[in-house]
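*Asks:* predicted coordinates and the sequence they were generated for:
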Amino acid sequence: MSQLPNIILSTQRPIAKPTKIPSLSPKLPTNSPQSQPPLTNRALLALAAEELPTWLAGPYAILLQLASPSIALGSHAHSRFTSDPISRFLRTAVFILAVTHGTPQQLSAVTGIITKQHAHVRGRDYNARNAELQKWTAATLFVAQRKGRMVFGEGSRAVGLRSREEMEGLCMESGRFASVLDMPGEMWPRGLDEFEEYFAREMERIEREGVSAVSAEVGKVLLFGLGLPWWLAWVMVGVRVVVARWLPQGMRRAYGLGDPNEWGMWLGYWTVVWWAWGLNWVMPGFVKRGVNREMLGFMVKAAEDIERTGRWTM
């Protein structure tokens, strides 16, 4: 499900010293890609999570998730993203970073509180602990991350795009977004080809059956009705023009998005893409590293707060 799960750890445990912020993923050498040692799958996923293009594609993943009527029903009945979108985003970011960078203790804290929350997200036609729904959610994260890096990744390190082997590694490791929850590891596709078959099959089914009314309603709330402060509202304009081009026609129309080939939409899309390219080129490395450290520090604090209080504190 798109909603983050929740674990509870005993509040009677002695509080440990503040956990050291996890070190960032290995720094890539500057020599040619052919002479670089292969990165582990875990390092590939960690590097991807540190890249701006990955996060820019996040709304695309959410809209793909909501195309599942079961996920949309659960989100409609239980999610906080309409009333508190910032908190909802931060919890999602904490979960992703706990998977990609967290220690076993931090990951256990975050996935535990999520699992505890998911236990209450259930109804006649949905269950947040359904392994198939978690598999779909993880699949959308991989697809969005790949799409974001292909479109926005100009000027970045383009991890996962340099070779078929690295893309395979990213694909296989992305299954952890579901297997750390309730999905058995063997449910995840065994390779990139098998993943592509699975994802194409699911997309064809959604297009054939059509986006449900509740999926369309929740998607429209995300795209048009979050009520963000004025200094953030412009972000959603960029989100709408980007996802309108990326989504298949049936989803695009169901979510109330315009024709991506219309002049204004076309210009808006390429404005966002050019902005992302430029930002990747001009942002100094020390700024990127500083942002990553802040995000990882936020994840560490969130995990410590969960261990201490047994709940989210954001």
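*Replies:* Everything's here; your move.
*Asks:* any stretches of this structure with poor pLDDT?
*Replies:* Residue ranges of the chain with pLDDT under 70: 1-38, 81-82, 154-162.
*Asks:* ok, now with 50
*Replies:* Counting by pLDDT under 50, the ranges of the chain that qualify are 1-18, 28-35, 155-160.
*Asks:* how about the helix ranked longest in the chain: buried residues?
*Replies:* Using DSSP state H to define each element, the chain has its longest helix at helix 285-309. Within helix 285-309, the residues scored as buried using 16 or more other CB atoms under 10 Å are 288, 292, 295-296, 298-307. C-betas here are computed from N, CA, C, even on glycine.
*Asks:* could you check how far it is from the centre of its chain?
*Replies:* Centroid separation for helix 285-309 versus its chain: 17 Å, with CA atoms, centre = their mean, to the nearest Å.
*Asks:* which strands and helices sit next to that helix?
*Replies:* helix 85-101, helix 104-118 (3 or more CB pairs under 8 Å, 6 or more residues apart in numbering; DSSP states H and E).
*Asks:* could I get the buried residues of helix 285-309 in CSV, plus columns for distance to residue 118?
*Replies:* As requested, the buried residues of helix 285-309 are arranged in CSV below (distance: CB to CB, whole Å):
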residue, distance to residue 118
288, 33
292, 28
295, 24
296, 25
298, 22
299, 19
300, 23
301, 23
302, 17
303, 18
304, 22
305, 19
306, 15
307, 19
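*Asks:* nearest to residue 96 among these?
*Replies:* Residue 96 has its nearest neighbour among those in residue 299, at 8.7 Å by CB to CB.
*Asks:* nearest spatial neighbour of that closest one, skipping sequence neighbours?
*Replies:* Take residue 299 and drop its neighbours on the chain: the residue closest to it by CB to CB, 6 or more residues apart in numbering is residue 97, 4.1 Å away.
*Asks:* now for that neighbour, how many residues are close by?
*Replies:* Neighbour count of residue 97, defined by other CB atoms under 10 Å: 25.
*Asks:* so it makes contact with residue 295?
*Replies:* Yes: under the criterion of CB atoms under 8 Å, residue 97 makes contact with residue 295 at 6.2 Å.
*Asks:* just the strands from the stretch 1-150 of the chain, written as ranges.
*Replies:* Along the stretch 1-150 of the chain, counting by DSSP state E, counting those that start in this stretch, strands occupy 122-123, 126-127.
*Asks:* how about the strands of the stretch 151-300 of the chain, start to end?
*Replies:* Going by DSSP E, counting those that start in this stretch, the stretch 151-300 of the chain shows no strands.
*Asks:* distance of the spatially closest residue to residue 302 that is not a sequence neighbour relative to residue 103?
*Replies:* Computed as CB to CB, 6+ apart, the closest residue to residue 302 that is not its neighbour in sequence is residue 94, at 4.6 Å. Per CB to CB, to the nearest Å, residue 94 is found 14 Å from residue 103.
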